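Participant: Any chance you could fold what I've pasted below:
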Amino acid sequence: MELVIKIAAVGIIVAVLQQILSRSGRDEYAMLTVLAGILAVLAMLLPELKELYNSISSVMSF
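Facilitator: Predicted coordinates for the structure are as follows:
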């Protein structure tokens, strides 16, 4: 549950920054902000995905 809240917070912050930058005519920075947000969320998800992979591989190995 904690991870979901962190991802939602990153999403809200990125959305607000993207809107502000887009409306001020800095579309390049707005796109970079979105990409940075995606990378941040992926970095948060990598340990969880690794744990999921380890769990699945331990279940599948007979």
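Participant: Number of residues surrounding residue 19?
Facilitator: Neighbourhood size, residue 19 [other C-beta atoms under 10 Å]: 11. To be clear about C-beta, it is placed using only N, CA and C from the backbone, and glycine gets the same treatment.
Participant: do the one 10 residues further on as well
Facilitator: By the other C-beta under 10 Å criterion, the neighbourhood of residue 29 contains 15 residues.
Participant: again with residue 39
Facilitator: Residue 39 has 10 neighbours, counted by other C-beta under 10 Å.
Participant: which stretch of helix or strand covers it?
Facilitator: Using DSSP states H and E, the element containing residue 39 is helix 27-60.
Participant: Pick out the residue closest to the middle of the protein.
Facilitator: Note on the chain: the residue nearest the mean C-alpha position is residue 41, at 1.8 Å, using C-alpha atoms, centre = their mean.
Participant: shouldn't it be in contact with residue 8?
Facilitator: No. In this structure residue 41 lies outside contact range of residue 8 using C-beta atoms under 8 Å: 10.0 Å.
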